[in-house]
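okay, sequence plus prediction incoming.
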Number of protein chains: 2
Amino acid sequence: MSDIITVKAPVNIAVIKYWGKRDEDLILPLNDSVSATLDTSIMCAKTSVCARPEFKENEIWLNGKKETFQSPRLQNCLKEIKSRAAAENSVNEDFLQWKVRVCSENNFPTAAGLASSAAGYACLVTALAKLYKVKSDVSSIARLGSGSACRSVYGGFVRWHAGTNPDGTDSVASQIEGSAHWPEMHALILVVGDTKKKTSSTTGMRISTQTSELLKHRIKYCVPQRTDEIIQAIKQKDFPKFAEVTMKDSNQFHAVCLDSYPPFVYMTDVSHLIVDLIHKYNELSGSTKVAYTFDAGPNACLYLLEEEVPQVLSFIRHVFPSSNPELFVTGLKTNEVTLNPELKNICEPQAKDLIKYVIHTKVGEGPTEVTDGSHLLNDAGIPKIE
Amino acid sequence: MSDIITVKAPVNIAVIKYWGKRDEDLILPLNDSVSATLDTSIMCAKTSVCARPEFKENEIWLNGKKETFQSPRLQNCLKEIKSRAAAENSVNEDFLQWKVRVCSENNFPTAAGLASSAAGYACLVTALAKLYKVKSDVSSIARLGSGSACRSVYGGFVRWHAGTNPDGTDSVASQIEGSAHWPEMHALILVVGDTKKKTSSTTGMRISTQTSELLKHRIKYCVPQRTDEIIQAIKQKDFPKFAEVTMKDSNQFHAVCLDSYPPFVYMTDVSHLIVDLIHKYNELSGSTKVAYTFDAGPNACLYLLEEEVPQVLSFIRHVFPSSNPELFVTGLKTNEVTLNPELKNICEPQAKDLIKYVIHTKVGEGPTEVTDGSHLLNDAGIPKIE
């Protein structure tokens, strides 16, 4: 049996947004956040790790390219996993001294702004935890790699507790409900073309924390109430409530970016058009059938129930024609339908390719070990991709 | 001597924004606002009024087109002016019974979203006040026509006090400083093309008042402090402080629009590009030389001191090429300069005509009576334009 451990980990898309840190080194957030974990069969990070006495140094390859292991976030993750292993006495002393090799890749474009670092760090930390036989919760270690990575450590619907301890020991993720609780929950990720250089999340959060008056109000009054509301909506499978809170919280996050000084924006005219279209779609439907949410980029993530997917996809195809319609929708298959004429009248078709492609996925499980031997490192511990 | 009264009135552009009403009928705002009044020689509304015993009914023509006099806002303004005249005993009883004719026009495109209703109602109310010899402050009457019109009743820098009386008697404008106090204060209005149907201010304010959590915080904590700060900056002619507060308040207003539910946006990708460019321009200048502010539309109003105008106009011409460069800048004349190479490197030239044209103006006087006989009504009381 190989000594190589390989893990797949999911992306997650927040419905209550994380924005602003109370501690930048420990990546401790100012507020609780809530997300859904998305099916790894559609989008995932995959990471192989192994430790051997003959390795001369720690090495890492990301998406086929060797990278430095000196990144403080990466170092922190490895150090914390090892110290957890030592505390749990889970491996012997020698093993802890051996150097590691890490090889990781995403099955979706990193540049698409699709929470790749969350999946990547959740995957790395889960793989290392298996390598060092750590049994306890590792969400707080994934958090040290990338804040929202802690939410990708669990499947289904996940809450990241901001916590209050200065050392961050209570800033951990927990599962609200597993993916089987609400299997009808699907997601459509609309990848919007974007050439604009954007403010990084780290920089943006720092500017907002230092300058936005509105962020203070959000943290203190809005988020706690919304977190309670959306957890209840998830537990009761109340889609309209889930959707309303999701949309309001996305809007408020982007409002905070605009209220920061200097301000920065992630949504484009196309993003705002999507927002308007979803509100019109819901209005015409007589109830809230679709929710949008936007992270630190122009892409929309639509949450909707499975039964609504065919109509919504037809609607998107109508408004956003593609020059490559065959490849426009990837991921889960669905039978699209003829568009309801009333929906057709909401909006004229726009210029081609404003939306580059759509990923159809659903809520799924947390990280899982890959047991079919498809490691990213060969038996000699060398990346297969090179 | 003619019995026709003709008045010119200015537009004003707020630096502390008015957004949200505590009383929709009386147009009472949730917060104080502050604006600068702009030179009527560049942009103005012009209104002629007269009252005669032979007129069978009240009539109004706007920009050459006959309109209904039944609008509640128009009716309210006329009724209040007459009741003020009665209280002041300024004209005889018969004169108050005569019907009026009103003819009004703007010397700039109404559709450009350039505060045309503010200038229009300030002009109407000032003209009516002169017709009925009303001597007291009429800003609260102009307010009944269009909230921000009350600020166009005065020149220079103007504060609209929200007031607390339920009847609105203390919701009036007052002058902070006249235009002679800071004559170097100029403005560049960048008219951005916009085909999108936007949410009206009235509707937008209603949605924000009912749904935005952030608006509450803004009203209670942000605006009072900013109003004090900007009044002090105006009095001390502290441009960097004036500019910073102006930009922050514009951003916060647009943040509130986004935080409303359903959200609405007035700024476009071009508007946001202008924001980024101004921050970069200021950064490179080593101090805050230019402020932007956006009303309920995509057009930018830049406030800047006269000495900065040549460089900023060259910068705008560089980034936003026009297919009609000769007509690109209207209003006050200035000698443009060769663009500083460092400024040139901030941003590549964009596609042509993203900015349609620029109006160069400055802070100016309040409404004035036109005494050269250029009335919009002829001696028979008929619009000359028809």
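Happy to help now that I have it. Numbers count the residues shown, from 1 in each chain, chains lettered A, B, ... in the order given.

residue contacts, the nearest residue to A:Glu369 once chain neighbours are set aside?
Closest residue in space to A:Glu369, ignoring its immediate chain neighbours: A:Val7 at 5.5 Å, by C-beta to C-beta, 6 or more residues apart in numbering or on different chains. In short, each C-beta sits where N, CA and C put it, glycine included. A:Val7 sits next to A:Lys46, A:Thr47, A:Cys123, A:Thr126, A:Ala127, A:Lys130, A:Pro367, A:Thr368, A:Glu369, A:Val370 when contact means C-beta atoms under 8 Å, 6 or more residues apart in numbering or on different chains.

please redo it, this time with the cut-off set to 6 Å
A:Thr47, A:Cys123, A:Thr126, A:Ala127, A:Pro367, A:Glu369 (C-beta atoms under 6 Å, 6 or more residues apart in numbering or on different chains).

hmm, who's touching stretch A:168-186?
By C-beta under 6 Å, 6+ apart, stretch A:168-186 touches A:26, A:28, A:137, A:139-140, A:150-151, A:153-161, A:163, A:231, A:234, A:237, A:304-306, A:309, A:362-365.

in helices, which of those residues fall?
A:Ser139, A:Ser140, A:Ile231, A:Ile234, A:Val309 (DSSP state H).

coming back round to it: just checking, the residue nearest to A:Glu369 is part of a helix?
No - going by DSSP: H, G, I helix; E, B strand; the rest coil, the assignment for A:Val7 is strand, not a helix.

what residues does chain A have near chain B?
Neighbours of chain B within chain A, by C-beta under 6 Å from any C-beta of the partner chain: A:213-214, A:217, A:222, A:248, A:251-252, A:254-255, A:258-259, A:261-263, A:265, A:268-269, A:272, A:279.

out of those, list just those in helices.
Those of these lying in helices (DSSP H): A:213-214, A:217, A:248, A:251-252, A:254-255, A:258-259, A:269, A:272, A:279.

please indicate which of the residues you listed are buried?
Taking 16 or more other C-beta atoms under 10 Å in any protein chain shown as the criterion, what is buried in these is A:213-214, A:217, A:248, A:251-252, A:254-255, A:258-259, A:269, A:272, A:279.

pLDDT added to those, as TSV?
TSV is the format used below for these (pLDDT from 0 to 100):
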residue	pLDDT
A:Glu213	91
A:Leu214	94
A:His217	94
A:Lys248	98
A:Asn251	98
A:Gln252	98
A:His254	98
A:Ala255	98
A:Leu258	97
A:Asp259	97
A:Asp269	95
A:His272	97
A:His279	98
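
any chance of the residues you listed in a markdown table, with distance to B:Leu62 too?
Output for those, formatted as a markdown table (distance: C-beta to C-beta, whole Å):
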| residue | distance to B:Leu62 |
| --- | --- |
| A:Glu213 | 40 |
| A:Leu214 | 38 |
| A:His217 | 41 |
| A:Lys248 | 39 |
| A:Asn251 | 36 |
| A:Gln252 | 39 |
| A:His254 | 38 |
| A:Ala255 | 36 |
| A:Leu258 | 35 |
| A:Asp259 | 37 |
| A:Asp269 | 32 |
| A:His272 | 32 |
| A:His279 | 33 |
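
would you write a PyMOL line that selects the buried entries of the contacts of A:Val7?
Per 16+ other C-beta under 10 Å, the buried members of the contacts of A:Val7 correspond to this PyMOL selection:
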select buried, chain A and resi 47+123+126+127+367
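
separation between A:Arg22 and chain B?
According to C-beta to the nearest C-beta, to the nearest Å, A:Arg22 stands 20 Å off from chain B.

what about the nearest residue to A:Val245 once chain neighbours are set aside, how many neighbours?
Nearest residue to A:Val245, sequence neighbours excluded (C-beta to C-beta, 6+ apart): A:Ile230, at 4.5 Å. A:Ile230 sits with 25 neighbouring residues when counted by other C-beta atoms under 10 Å in any protein chain shown.

list the contacts for A:Ile230?
Shown in contact with A:Ile230 (C-beta under 6 Å, 6+ apart): A:Val15, A:Ile16, A:Val34, A:Val245.

can you give me the pLDDT of it?
A:Ile230 is assigned 98 on the pLDDT scale.

next one: A:Glu365
The model reports A:Glu365 with a pLDDT of 97.
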